[in-house]
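Visitor: kindly generate the corresponding structure for this input.
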Amino acid sequence: MTFLKSLFVTKTVERIQHDARANGMKRSLTALDLTMIGVGDIIGAGVFVITGTAAANYAGPAVILSFLFSGIACAFAGLSYAELASLLPISGSAYTYAYACLGQLPAFIIGFDLMLEYLVGSALVAQGWTAYLIKMCKVFGLTLSPKWTSTPWEWTEKDGFVAGAGYINLPALLIVAVITAILCLGAKQSANFTSFFVVIKLVVILLFLFATVGYVNPANWSPFIVTPTADDLAKGLTFGWGGIFKASFNVFFSYIGFDAVSTTAGEAKNPARDLPIGILGSLTICTLLYMAVAFVLTGIANFRTLAGGAPLASAVAGLGMNWLVIAISVGALAGLTSVIAVALNSQPRVFFSMAQDGLLPPIFAKLHPKYKTPIFPLVLNGVVVGLASAFLPIDVLSAGTSSGTLLCFTFVCASVMMLRFTRPDVERPFRVPGGPILVPGLGMATCLFLLVSGGKDSLIRLFGWMAIGIVIYFGYSRRHAKLDLAGEANRVPDAGDDFKAVGPNRA
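Guide: Residues are numbered from 1 along each chain as shown. Now for the predicted structure:
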């Protein structure tokens, strides 16, 4: 086998399905659990944090369209995820799909990209958690010093990194540490923890919508598509259609939640049936809520006032509704807590799958003897996310997360197309409608378009991250991969024990 071919050696569907049965994790998650995990991760920073900054800095009132465009792109990707997750129900998510369809090197790049997606996304949400904590404390007459609630650096489109107002974002660091400790206790405990906070934030979002819709001023939507002023251009803000698509790029990471659903496949009771329900159900619910919140938020406040880290609370405070400020802050803290929990829980599952394949050191694949959780990657993940949330500015984090998410979704859509042609014989519990080209092709096109819309700085950071991953791949992963050139690791020990795609996995 030539060197080039060895980089694209694939794992067979049968081997992945066998590994799904023997992963050692406890299968305890139902379709409702999976949907709540998806909603728990999708509804969070996108509503409570990024909606305001996307409107103020990029799209104006047309941020509604930004969420619509992102939702359409995610619908294509979500259908592709549903097909692959039901066929390959294992914890690696897009990494595993790429390994089966595209080969070892593309799989490693996607796995490394998922690290960017989840690590940076978790840190971003933790910073939003701090912003709403500050807002709630202010209602009660308490002031938290910016020295201990802000990062030492900030980012602007014009000047890049500049000095920030603080030493460290301490609340963000602490909430990450607490959630990491809870996640070490097991998947079901983590799901219950997430579901509790999901219910709170959904109630608060609906309360916000019904309590403020009567205060909507249509004048705030005019002009709907903003023409930049000279002052805007001096600050590097362009608005217009370019700004709308850049806002779509920035909010796109909010939809990462249905990828988080697929990372829990190894702990789902009936993955073939429940994973598509969890993925598509959570995506539908959350897209509608995002657009509704953007519609009302830009109607009750001028979009230029929404640039802070707590836009919903700030807009409601402008209406004099302090009781609702408290409710929104509580809901935001609950919502962002659930997002952090899901993201921190998902990344170690990808580490776990990569380590099982030999692409990461074996310690990443070791489970806690009592709780059956990948304890080392959970703790390591918590440390890295905590430090990032404490010191890195929010705009850099959101751009990095969206870049990773879009690239990941592009590879998933490509994997559906590839596997339909290379393995048409495999039974698929769920199939993307319209054949192997239409939906996955549209998913790839829309994701790549939004990726380019993010600007050159985001692309440079993304490709820089990928370059680091390629160095690690050739330095360690390729030499330790269990899938050798002869495909030895593709041999299924007991053909009679193969995973059945339809029906619950009783491993």
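Visitor: so, low pLDDT: which residues of the protein?
Guide: Where the chain drops to pLDDT under 70, the residues are 1, 22-26, 91, 155-161, 186-194, 394-401, 484-507.
Visitor: quick check: closest non-adjacent residue to the residue sitting nearest the centre point of the chain.
Guide: Nearest to the geometric centre of the chain sits residue 256, at 2.7 Å (Cα atoms, centre = their mean). In space, and not counting its chain neighbours, residue 256 is closest to residue 405: 5.2 Å by Cβ to Cβ, 6 or more residues apart in numbering. (Glycine included, C-beta is placed from N, CA and C.)
Visitor: dump the residue contacts of the one you found.
Guide: Going by Cβ atoms under 8 Å, 6 or more residues apart in numbering, residue 405 touches 117, 121, 252-253, 255-256, 259.
Visitor: from those, which land in helices?
Guide: Counting by DSSP state H, the part of the contacts of residue 405 found in helices is 117, 121, 259.
Visitor: pick the one among those residues closest to residue 338.
Guide: The closest of the ones in helices among the contacts of residue 405 to residue 338 turns out to be residue 121 (Cβ to Cβ; 13.3 Å).
Visitor: mind checking how far the closest one is from residue 253?
Guide: Distance, residue 121 to residue 253, by Cβ to Cβ, to the nearest Å: 6 Å.
Visitor: more neighbours: which of the two?
Guide: residue 121 (32 against 28; other Cβ atoms under 10 Å).
Visitor: mind putting the contacts of residue 405 into a markdown table with distance to residue 479?
Guide: Output for the contacts of residue 405, formatted as a markdown table (distance: Cβ to Cβ, whole Å):
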| residue | distance to residue 479 |
| --- | --- |
| 117 | 26 |
| 121 | 31 |
| 252 | 35 |
| 253 | 33 |
| 255 | 36 |
| 256 | 31 |
| 259 | 29 |
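Visitor: please name the residues that touch the residue nearest to the centre of the chain.
Guide: Residues near residue 256 by Cβ under 8 Å, 6+ apart: 41-42, 117-118, 121, 343, 401, 405.
Visitor: go with 7 Å
Guide: By Cβ atoms under 7 Å, 6 or more residues apart in numbering, residue 256 lies in contact with 41, 117, 121, 405.
Visitor: tell me the one among those residues nearest to residue 60.
Guide: For the contacts of residue 256, the minimum distance to residue 60 (Cβ to Cβ) is 23.5 Å, reached by residue 405.
Visitor: in the stretch 1-150 of the chain, which spans are helices?
Guide: 3-6, 13-21, 31-42, 45, 51-54, 63-87, 94-101, 104-139 (DSSP state H, counting those that start in this stretch).
Visitor: select, out of those helices, the one closest to residue 446.
Guide: Closest among the helices of the stretch 1-150 of the chain, once you apply Cβ to Cβ, is helix 63-87, at 3.8 Å.
Visitor: that closest one to helix 94-101, inter-axis angle?
Guide: Per axes from the mean of the first three to the mean of the last three Cα atoms, to 10 degrees, the angle that helix 63-87 makes with helix 94-101 is 50 degrees.
Visitor: show me what helix 63-87 is packed up against.
Guide: Using 3 or more Cβ pairs under 7 Å, 6 or more residues apart in numbering; DSSP states H and E, the elements in contact with helix 63-87 are helix 51-54, helix 240-251, helix 257-263, helix 271-300, helix 394-422, helix 438-453.
Visitor: what distance separates the last one from the centre of its chain?
Guide: It refers to helix 438-453. Offset of helix 438-453 from its chain centre (Cα atoms, centre = their mean, to the nearest Å): 17 Å.
Visitor: what helices and strands are in contact with it?
Guide: Contact analysis of helix 438-453 by 3+ Cβ pairs under 7 Å, 6+ apart lists helix 63-87, helix 240-251, helix 394-422 as its packing neighbours.
Visitor: can I get those in CSV with distance to residue 56?
Guide: What follows is the helices and strands packed on helix 438-453, written out as CSV (distance: least, Cβ to Cβ, whole Å):
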stretch, distance to residue 56
helix 63-87, 9
helix 240-251, 10
helix 394-422, 12
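Visitor: how about those helices, which one is nearest residue 272?
Guide: Of all those, helix 63-87 comes closest under Cβ to Cβ, at 4.9 Å.
Visitor: mind listing what's buried along that closest one?
Guide: Within helix 63-87, the residues that count as buried by 16 or more other Cβ atoms under 10 Å are 63-71, 73-87.
Visitor: now swap in stretch 377-391 and tell me
Guide: With burial defined by 16+ other Cβ under 10 Å, the residues of stretch 377-391 counted as buried are 377-378, 380-382, 384-386, 388-391.
Visitor: of these, closest to residue 95?
Guide: Among the buried residues of stretch 377-391, and counting by Cβ to Cβ, the member closest to residue 95 is residue 377, at 13.3 Å.
Visitor: for residue 356, see how far away the closest one is.
Guide: Per Cβ to Cβ, residue 377 is found 12 Å from residue 356.
Visitor: sounds good, over and out.
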